[in-house]
Structure formats: C-alpha cells, structure tokens
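>>> Fold the stuff below for me.
(2 chains)
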Amino acid sequence: MVTTLTLALALTTLTQNQDPTQQPAVQQNRNTVPRELDELKFMLGTWEGKGTGNAPDKSTSQIDGSANVTLVMDRWIQWETVDNAPERASMQGRFMMTYNPLRKVYEGVWFDNQNGFATDFTGNFANGTLNLTSEPVQMEEGGSWVYTATYTKKSDTEMTFTLSTNMDGQNVKMVDYVYMKR
Amino acid sequence: MLTTLAFTTALLATTQDPMMSPIPKTELSAISFLTGGFKGTGTASDPTGAVIKTTGTSSAKIEFDRWLNIHSVFNMGPHSKLEGRMLLTYNSTKKQYEGTWFDNMSDTALAARGYTEGKYLVLFSDEFEMMPGQKTLFKIVYSKESARSYKFSMKMKAGDQWLPMMTMDYKR
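Numbers count the residues shown, from 1 in each chain, chains lettered A, B, ... in the order given. As a prediction, the model looks like this:
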C-alpha cells in the first residue's frame, strides 16, 4: 500500500519543504492520473447485459446481468457486476482497472463471491477494445488456465464483453455479452 | 466481468455444481475486529526520517460474501490525502490471507499475503516496483487492541531491516 505511502510521504515532504517543481519526474508522473485511463471511460455508467455462455460440448446457456461502472479514487475504473445463469448461483464481482505508466500496460484485478483469491490481468487498448489477459490460474484438478477478457466499445450506449480461455491450443470463447447502457 | 473462474468452470462442468469455494467463515471472523467505522491518529515517517502527524478514518465491511473491504483515508498535512482500499480474504487452498491494496496515488495494485497469530494479522507484500528498477517489500500489521480499537503499522524493507513508515491507532 503505500506504495504510495512512500510516494505520498515524499510528496508531503516536498510540498511542505520544497518547490514542487523540483519533484522527481517519476514521482510527478506517478501522482498524475495517466491520460491512458481516459480510454476506458466509455465503460462508465450503468449497463444491462444479455449473452451466452458456451460449454465445451457445444451447449449454450442464456445469461444476463448488470454492471455499474464508476471511477473511484481518481484513477481506478471499478466495474461491479451481477451475473445470472440458469441453475447457477448469482455471480457478484468487482474488477479494478487502471493504466500503469511504469509498465505501459493496462492492469486489472478481479474479485468475486465465488473464489477465495483475486486474479490479476494485464493488457492493452487499441481501436476501441480493451484486451486483458490473466495470470495463469491454477485449477484444483491440476493445470492452469489463462483467461482473456475483452471489452469493446460499439457506441456510446453499447459495449460487448467476451471471456475466453486457451484449451489444448484452441481459443475457447466462454462468455459472450452485449451490454446496453441503462 | 462476469466471468470468473467459478462461473466459467461452472459453464464448462455442465454436469457438476459450480465449484464455488466455501466461504472461510472462521478465518473471516478472526479479522472481524477490523469491521466498522474508526477514527485514527498516528504518525508517518518519510524517506528522510521526518515524522508527520497523521489522522484518518477506517471503514470496513464484508462484500461479495467473502471480501473484507477496508476503506482508509490518511490525512498527512494540508496537501496530502491518501485514500485507499484493501480487499482482503482468506484463500482456503493456500491457507493464507490475501489482500490487494488500491489507492488514489498509485497506478499499481499491491498484493499482500499473510497469517493471523493471536491478536495480529500480519501481511507481507509481493515485491513492489516503486520506481524503475527499485523494488521493495512491505510488512503490514493489524492488531486487535480491544473490541473498540485496533492498531495498524506498516514497514518497508531496506536491506535486512524493516523501516517503520506508518503507525495508526484506531478507535470506534
């Protein structure tokens, strides 16, 4: 945490004792909200979604959900969602996303009501699409999966979301959503 | 994103119930002393060793059944207000507490993991790159002092030493 604490404390000292223009460039940069974050602001708002979940046996299920997306703590896009699938427990979760200028990547951390761990994602934004790939997630039955989450702006009131994974060398689309702004 | 691992696993495992991880009630109860609203006073030490009086608030509640969201505000002088959140849970598979910190001054989340021992919750961060090529570790300790108070401390590793960065005393 404090990750920032050190930064904050350094800045405090600087603002108390020194000319702020003398702040090290990196500190200035890290305390400034990166402009790249603006690319994600199309997500802000309240959304209703409908889509499909795809199983390996080619069966599909209709899914629906909602997302409330806000900018919090100046620099974090907070995607809060509730998702419903037939005969499944409701999924509630939060995705915290920002742009890391040090690494020059978008980063996100996902939390939900069904797993006792967070999942880290990194990726990029191009042509209206945010493409994030997870760290390898260890599965209880062995092995690990890597997830790819893709958000695409279609218009000011429409966005798509897909989640896919790589299985046996093949990209498998697991969830496919269309969100409309409420 | 809807999609989380259990959800996707559930979609794939069509003949099984969702592999929803059990909620670690006992372990979450062990850190329930952090829940609720608190006001705090303390000190912070900057890299030069100067001590800064700090006031703040802490507000924590359980979200999504299993995540303790600790929302903290630190006022460190008229021009420096640090606001952040620690999202904390217990990973039953790895048998450890795991948390991620986000704040208004950093573009990087900080992950930490640890354990409880007596009145203490002790978390060690993953290696964190504060500036290019400059990595360090943090140690975060929450200690239950009474039903109405707790202490918070954070230290940063420098060589073989843990340097104090912040201590706070919180009261409901």
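>>> and B:Gly56, how far is that from chain A?
Going from B:Gly56 to chain A by C-beta to the nearest C-beta, to the nearest Å gives 12 Å. Any C-beta I mention is one placed from the backbone N, CA and C, and that applies to glycine too.
>>> That residue touches B:Ile70, doesn't it?
No: in this structure B:Gly56 lies outside contact range of B:Ile70 using C-beta atoms under 8 Å: 11.7 Å.
>>> buried stuff in the top strand by length along chain B?
Assignment by DSSP state E gives strand B:51-63 as the longest strand of chain B. By neighbour count with 16 or more other C-beta atoms under 10 Å in any protein chain shown, strand B:51-63 contains the buried residues B:52, B:54, B:56, B:58, B:60, B:63.
>>> The first one bridge partners, please.
It refers to B:Ile52. B:Ala44 (DSSP bridges).
>>> what's the answer for the last one, then?
B:Glu63 has the following beta-bridge partners by DSSP bridges: B:Trp67.
>>> and it, what is it in contact with?
Residues in contact with B:Glu63 (C-beta atoms under 8 Å, 6 or more residues apart in numbering or on different chains) are A:94, B:69, B:87.
>>> Which SSE is immediately downstream of whichever strand or helix holds the last one?
Here B:Leu87 sits within strand B:81-91, counting by DSSP states H and E. Elements were assigned by DSSP H and E; along the chain past strand B:81-91, the next helix or strand is strand B:96-103.
>>> got the buried residues for that following strand?
B:97-103.
>>> mind putting those residues in a markdown table, pLDDT and distance to B:Glu127 included?
Supplementary listing: the buried residues of strand B:96-103 in a markdown table, determined by pLDDT from 0 to 100; distance: C-beta to C-beta, whole Å:
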| residue | pLDDT | distance to B:Glu127 |
| --- | --- | --- |
| B:Tyr97 | 98 | 18 |
| B:Glu98 | 98 | 15 |
| B:Gly99 | 98 | 16 |
| B:Thr100 | 97 | 15 |
| B:Trp101 | 96 | 14 |
| B:Phe102 | 96 | 18 |
| B:Asp103 | 95 | 18 |
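>>> how about those residues, which pair is most distant?
The span of the buried residues of strand B:96-103, defined through C-beta to C-beta, is set by B:Tyr97 and B:Asp103 at 19.3 Å.
>>> So what's the residue count around A:Arg93?
Small correction: residue A:93 is Gly, not Arg. 26 (other C-beta atoms under 10 Å in any protein chain shown).
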